[in-house]
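Engineer: I'll drop the sequence and a predicted model, then ask my questions.
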Amino acid sequence: MSIIIRKDQWINLAIIASTLWFIWFASSHFDEYTVRILNNIAIFTILAVSYNLINGVTGQFSLEPNGFVAIGAYVTALLLLDGDAKSYQFDIEDPYPWVLALHANFIWALFFAGLFSALLALTLSFPVFRVRGDYLAIVTLGFGFIIRILAINNPEITNGSLGLNDIPEFSNLYWTGGIALLAVWGILNIVNSKFGRAMKAVRDDEDAAIAMGVNTFKIKTFAFCTSAFLEGVGGGLLAALLTSISPDLFTFFFTFQLLIIIVLGGLGSTTGAVIGTVLVIGGAEWMRFLDEPMNFGFFETPALPGMRMVVFSVILIFVMLFAREGIMGKRELKDLFKKAKK
């Protein structure tokens, strides 16, 4: 029995192989600063494609990512830190005995970070999806604020505003890049499945989807929980990369940054979310030279801290003016290959 591999499958295999080779090459040959940037890009890729699933593919204007990322980060940190490290850090209040007893290896820590976020998303879906549109945005925005306030006001669990430090640094490019690759592959498979088609139907016209017999609550809950699981995992990877977390890390600006990424790349496009991540996270770092003094030969500019963000914002404005649906719109990489073939 022969196995026939289609052309698009060969393309997918080539992309996966190229990505794995790049992860190995970057880990072995790039300097520590560049690898750090690539780790950030990989983590934000996980967060962007998962956020795009609920916001872009399913069309639910949700503003909750900072809350689920915070949960994943704190769960991972508490599981990775041993009892002695927790006792040493908790200065505001003594930790609960069960907090001291929590401990797991990195794989299980990430799994529980995602699982806890997904279970909370499942619980929230019942009140959250009773509303639509702007009201949904307000409800989920409030959830992000609540999680941050709980982190500050429960020092027996989170060490309050001081946060958690000395978290073991497990996140390397093999972990972040590998999980990012799995996340993109998983999201693309969901989008191309019957669940993905139902999500797009909900996005395009929810009332029509209901009339056609689609269980919209089930579809939205599935997208919400899947997104929350990956956001929790991404938060865990972020905690194990930064080795220090606090409530100030998970403000609304975190969600706003992800919103910029998926809108720039194209709402509903997983490929666009990846491209947007590279441009926003990588571009902001690679343009740091604009903040420093520059010599043009005939004159020299002084240091202008923040200039890179000004230039970056102008670039974003022009992109959105001339590509109002984002760089990719709702298209994926395979759609570009089909267009080129025609």
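Structural biologist: Arrived safely, thanks for sending.

Engineer: Can you name every helix or strand that the lengthiest helix in the chain contacts?
Structural biologist: Determined from DSSP state H, the single longest helix within the chain is helix 216-242. Helices and strands touching helix 216-242, as assessed by 3 or more CB pairs under 8 Å, 6 or more residues apart in numbering; DSSP states H and E, comprise helix 32-52, helix 65-80, helix 106-128, helix 173-191, helix 194-204, helix 206-211. (C-beta placed from N, C-alpha, C; glycine too.)

Engineer: Now do it, average pLDDT.
Structural biologist: Helix 216-242 shows a mean pLDDT of 94.

Engineer: quick one: the closest residue to residue 53 other than its chain neighbours from residue 320, how far?
Structural biologist: Spatially, and ignoring its direct neighbours in sequence, residue 53 is nearest to residue 227 (5.0 Å; CB to CB, 6 or more residues apart in numbering). Using CB to CB, to the nearest Å, we find residue 227 at a distance of 24 Å from residue 320.

Engineer: more neighbours, these two?
Structural biologist: Neighbour totals were compared for residue 227 and residue 320, and residue 227 leads with 29 against 15 (other CB atoms under 10 Å).

Engineer: ok so, going back, who wins for proximity to residue 331 among the helices and strands packed on helix 216-242?
Structural biologist: helix 173-191 (11.9 Å; CB to CB).

Engineer: Report the buried residues of the longest helix of the chain.
Structural biologist: Residues 216, 219-242 are the ones in helix 216-242 that count as buried (16 or more other CB atoms under 10 Å).

Engineer: what do you get for stretch 84-100?
Structural biologist: Residues of stretch 84-100 classed as buried by neighbour count (16+ other CB under 10 Å): 85, 86, 90, 95, 99, 100.

Engineer: which residues touch the residue nearest to residue 102 when sequence neighbours are not counted?
Structural biologist: Residue nearest to residue 102 in three dimensions, not counting chain neighbours: residue 78, with 5.1 Å by CB to CB, 6+ apart. Residue 78 makes contact with 86, 99, 102, 157, 164, according to CB atoms under 8 Å, 6 or more residues apart in numbering.

Engineer: Show me which of the buried residues of stretch 84-100 is closest to residue 171.
Structural biologist: residue 85 (17.6 Å).

Engineer: Quick check, the closest one in contact with residue 159.
Structural biologist: No. Counting by CB atoms under 8 Å, residue 85 stays clear of residue 159, with 11.2 Å between them.

Engineer: Tell me how many other residues crowd residue 134.
Structural biologist: 9.

Engineer: Kindly apply the preceding question to residue 275 instead.
Structural biologist: 21.

Engineer: Tell me the spacing between it and residue 134.
Structural biologist: In terms of CB to CB, residue 275 sits 28 Å off from residue 134.

Engineer: Repeat that for residue 90.
Structural biologist: The value you get for residue 90 to residue 134, if CB to CB is used, is 40 Å.

Engineer: For the residue nearest to the spatial centre of the chain, give me its contacts.
Structural biologist: With distances taken as CA atoms, centre = their mean, residue 47 lies nearest the centre of the chain, 1.0 Å away. Going by CB under 8 Å, 6+ apart, residue 47 touches 65, 69, 230, 231, 234, 258.

Engineer: Check those residues and tell me the two furthest apart.
Structural biologist: 230 and 258 (11.9 Å).

Engineer: re the thing from before, find the nearest non-adjacent residue to the residue nearest to the centre of the chain, please.
Structural biologist: In space, residue 47 is closest to residue 234, 4.4 Å off (CB to CB, 6+ apart).

Engineer: show me what contacts that neighbour?
Structural biologist: By CB under 8 Å, 6+ apart, the contact list for residue 234 reads 43, 44, 46, 47, 50, 69, 72.

Engineer: of those, closest to residue 176?
Structural biologist: So of these, ranked by how close each gets to residue 176 (CB to CB), first place is residue 43, at 5.4 Å.

Engineer: Give the buried residues for the helix or strand residue 140 falls within.
Structural biologist: Here residue 140, judged by DSSP states H and E, is contained in helix 133-153. By 16+ other CB under 10 Å, the buried positions in helix 133-153 come out as 136, 137, 139, 140, 141, 143, 144, 147, 148, 150, 151, 152.

Engineer: Mind listing what's buried along the helix or strand following that helix?
Structural biologist: On the C-terminal side of helix 133-153, the closest following helix or strand by DSSP H and E is helix 155-158. Using 16+ other CB under 10 Å as the test for burial, helix 155-158 gives 155, 157, 158.

Engineer: Which pLDDT value belongs to the residue nearest to the second one when sequence neighbours are not counted?
Structural biologist: With CB to CB, 6+ apart as the criterion, residue 157 has its nearest non-adjacent residue at 5.7 Å, and that residue is residue 99. What the model reports for residue 99 is a pLDDT of 89.

Engineer: Would you agree residue 99 is in contact with residue 158?
Structural biologist: No. Using CB under 8 Å, residue 99 is not in contact with residue 158, being 9.1 Å away.

Engineer: between the contacts of residue 234, which is nearest residue 247?
Structural biologist: residue 69 (12.0 Å).
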